[in-house]
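K.L.:
Here is my input; please provide its structure:
(chains A and B)
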Amino acid sequence: MRGKFSKILALTAVLAIVGAACGGDNGGGTGGGDKPKLTLTYMGALTGPLAQLVLPGRNASQLAVDAVNAKGDLPVTLVLDAQDTTADKNKAQTIAQGLKDKTDLLAVLGPAFSGESQTTGQVLDPAGIIRFTGSATNPPLAQQGWKYFFRGLGNDASQGGETDDVILNFLKKKTVYIGHDKTQYGEGLATIVRDNVKAAGGNVVAFEAQDPGKKDYSPLTTKVVSSNADIFYWGGYSPEAILLVKSLKEKGYKGTFVGADGAKDDSFLKGGGAAAEGAYLTCPCGDPSVATDEKSKAFVSAFRSKYNGDPGIYAAEYWDAVHLIADAIKTAGKPGDIKAYRDKVRDAIAKTSYQGVTKTFGFQENGELVDSAVATYLYKVEGGKYKPLGKVADLK
Amino acid sequence: MPDCLQSGFWPHTFDGLVLGSIYAMIALGYTMVYGVLQLINFAHSEVFMVGSFFGVYSLLVAVEQLGLATPAGGLVLWLVLLAAFLIAMAASGALAVGLERVAYAPLRRRGAPRLAFLITAIGASLVLQNLWLVRIPGIDVTLGGAGPVFYPEVLEKSTVFKVFGYGVSNTALMIVVVTAIMYVLLDRFVTKTRVGKGIRAVAQDPETASMMGVDINRIITITFLAGGLMAGGAGMLYGLHFGQAQFSIGFLPGIKAFTAAVLGGIGNVRGALLGGLLLGLIENLGVMCLATHWQDVIAFMVLVVVLMFRPTGILGERVRA
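P.N.:
Below is the predicted model:
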């Protein structure tokens, strides 16, 4: 009797799991007599300690999809779907497995981070699904021979490549202590910065890996303080950046904290508080709220009215991403077979010269932006806000 | 003397004492429970985590409901901090006792094998972590969430004194001082009181102890309570020092504290203090002249070497005076 019962239980469990898996499928693409629906899926850490780096992009994507649909000049209606990866690259890969057979999916917006872009790309590129990232900056992503990958911003080769200018020429400092969090993004960027600073004649005092997710970075910060390095450079994300600036300040560090886009979110300002003041962050992202052109102003005011705050990091990049894809859809025409259509859209994106809020786009063979579209910007934390100092190339 | 040793010694020593104090406070729970029950209470790291959350809850209530200034000063500030400390201790103590009642006592009653205790402990640890991680459906609140919950800045972080240009902060000093006080009190409790004698008796030989009239169950409850109180206090001080509480905050310190308990001599109260401080010092001093990513390698290598020559830890086993 007991044996039979447990067999029935097991069978029910299996059926439930299969049912849930099948039920999750969107199915179809047509909406009756209206225009066909195509989905853009935004992938990234929508929850968790890294969400502040990812949510602005999602919000801007939603805003853009609504704006594009309202305009009504596309042969399709766009639908925005958001998938929470919690920045876990394995979870992202599992989600990608579920996405690759969806017949209404046109493109993935993102993924937001580099580690997950790596794992999802391995699944989605062979399936012919476009990934347009507005935030993942690790250079090797464009070196995999992927056909459906586009990066709508400068990568870490340029961000890290201009950091030595920031440190040596703008801040006029000599010694740098570098730390990183062993992630694809953080370690990749820190390595580029180290190599560039050394090549430019700077002194890299140390290059050390840290485990992210800890609270106590005392051995590192004490060594930074005793090394008297002018600059502490952090290749990593905001949760660790917060703890590092606080610890450095507590121990009386007299030097300057320099970080990158991975730290540039609201939680760094809020959590870092007074300890974050005076920190410099680089970003391949400009600040649209200080731009003077019409497009930027329109975007910023639309974002403010819907979300009650200025656009955060990479919001403008994803706004542009959606509009650029919409532009490509116009070129590609009416959708037919989804696989052929994705190829058409892909080809249209590859040839685009779309003028967006952030830049005039143009892509190389490998999906990277053309050099003329790439820029690294510098920000300083002042008065609890990110003060844009402009392009690194323009600083003197 | 190489420069790294000269400029680094005192700063890293202070770091080690601060972290070591936290380890020592947490290690007590592991060591006492092991001494009395031969159980490794894996859920103890979450008892620590809950302490840091009740610390932040108390301070948030003080700031948001009672209008405490940020930063605050004077007697009010210290009374509020004391209250937060006591509340955190009480919450963790209650949780530890609750864990004992709900998770371990039933297993003891049924004479369950050692393995069952171990699995239950791990399960309890995961349940507690996730309880502070998820959004509870229905009421749609979250006790903590995936990201850190920031402590309000009621205490302005200031440098109490400087050593070679390196600053020792008020919160760091608080940790060391409070740990010392708590351990003195605890030591007197274990050595000088009747209950303390009972704990040592049960740790030595439960059957004989019960024949001598010691109430085993009461002793076990008190053991869990003591460990929970210490861990809760440590949680609040740790959260105050780093400015945040998070569901995962107990994991690493918990492992390290358990390691410290073994290093000092599992089951030995003074061993927990010694092991904790020693581990903290080794972790920090060990990387004085090496790259910091060797931190854990060095700490655990030391542990392995010590156990090779003294398998029962530095001060040996059992809840001795």
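
K.L.:
partners of A:Phe150 in the sheet?
P.N.:
On the basis of DSSP bridges, A:Phe150 is bridged to A:Phe132.

K.L.:
To what extent is it buried, counted in neighbours?
P.N.:
26 (other C-beta atoms under 10 Å in any protein chain shown). Yep, even glycine has a C-beta here, placed from its N, CA and C like the rest.

K.L.:
Also A:Leu46?
P.N.:
Residues near A:Leu46, counting by other C-beta under 10 Å: 18.

K.L.:
mind checking the SS state of the residue nearest in space to the middle of chain A?
P.N.:
Chain A has A:Ser135 as the residue nearest its centroid, 2.3 Å off, counting by C-alpha atoms, centre = their mean. Judged by DSSP: H, G, I helix; E, B strand; the rest coil, the three-state class of A:Ser135 is coil.

K.L.:
roughly how far apart are the residue lying closest to it once chain neighbours are set aside and B:Phe161?
P.N.:
Sequence neighbours aside, A:Tyr314 is the residue nearest to A:Ser135 in space, at 4.4 Å (criterion: C-beta to C-beta, 6 or more residues apart in numbering or on different chains). Distance, A:Tyr314 to B:Phe161, using C-beta to C-beta, to the nearest Å: 44 Å.

K.L.:
The two: who's more crowded?
P.N.:
A:Tyr314 (32 against 10).

K.L.:
Give me the phi and psi for that one.
P.N.:
With angles defined as degrees, to the nearest 10, A:Tyr314 sits at phi 70, psi 10.

K.L.:
and it, what is it in contact with?
P.N.:
A:Tyr314 is in contact with A:Leu53, A:Pro56, A:Gly57, A:Ala60, A:Ala112, A:Gly134, A:Ser135, A:Leu153, A:Asp261, A:Cys285, counting by C-beta atoms under 8 Å, 6 or more residues apart in numbering or on different chains.

K.L.:
before we move on, the earlier item: wait, isn't the residue nearest to the centre of chain A in contact with A:Glu116?
P.N.:
No: in this structure A:Ser135 lies outside contact range of A:Glu116 using C-beta atoms under 8 Å: 10.8 Å.

K.L.:
quick one: common contacting residues for these two?
P.N.:
Taking C-beta under 8 Å, 6+ apart as the contact rule, A:Ser135 and A:Glu116 both touch A:Gly44.

K.L.:
Kindly indicate whether A:Thr282 is helix, strand or coil.
P.N.:
From three-state DSSP, the assignment for A:Thr282 is strand.

K.L.:
distance of the nearest residue in space to it that is not next to it in sequence from A:Cys285?
P.N.:
Nearest residue to A:Thr282, sequence neighbours excluded (C-beta to C-beta, 6+ apart): A:Ala260, at 5.0 Å. The gap separating A:Ala260 from A:Cys285 is 11 Å, by C-beta to C-beta.

K.L.:
now the residue nearest to B:Gln129 when sequence neighbours are not counted, what's its secondary structure?
P.N.:
Among residues not flanking B:Gln129 along the chain, B:Phe247 sits closest, at 5.4 Å (C-beta to C-beta, 6+ apart). Three-state call for B:Phe247 (three-state DSSP): coil.

K.L.:
Please apply the same query to B:Ile220.
P.N.:
Assignment for B:Ile220 (three-state DSSP): helix.

K.L.:
burial of it, as a residue count?
P.N.:
Under the neighbour criterion other C-beta under 10 Å, B:Ile220 is assigned a count of 24.

K.L.:
which stretches of the stretch 201-321 of chain B form helices?
P.N.:
Assigned by DSSP state H, counting those that start in this stretch, the helices in the stretch 201-321 of chain B fall at B:206-211, B:216-242, B:251-264, B:269-285, B:295-309.

K.L.:
now do the stretch 151-300 of chain A
P.N.:
Counting by DSSP H, counting those that start in this stretch, the helices of the stretch 151-300 of chain A are A:156-164, A:184-199, A:218-227, A:238-250, A:266-272, A:294-307.

K.L.:
Per-residue pLDDT of the residue in the stretch 151-300 of chain B that chain A sits nearest to, please?
P.N.:
Residue nearest to chain A within the stretch 151-300 of chain B (C-beta to the nearest C-beta): B:Gly167, separated by 3.9 Å. B:Gly167 is assigned a pLDDT of 82 by the prediction.

K.L.:
Doesn't it belong to a helix?
P.N.:
No: secondary structure of B:Gly167 (three-state DSSP): strand, not part of a helix.

K.L.:
That one and B:Thr159 touch, don't they?
P.N.:
Yes: contact criterion C-beta under 8 Å: B:Gly167 and B:Thr159 qualify, at 3.7 Å.
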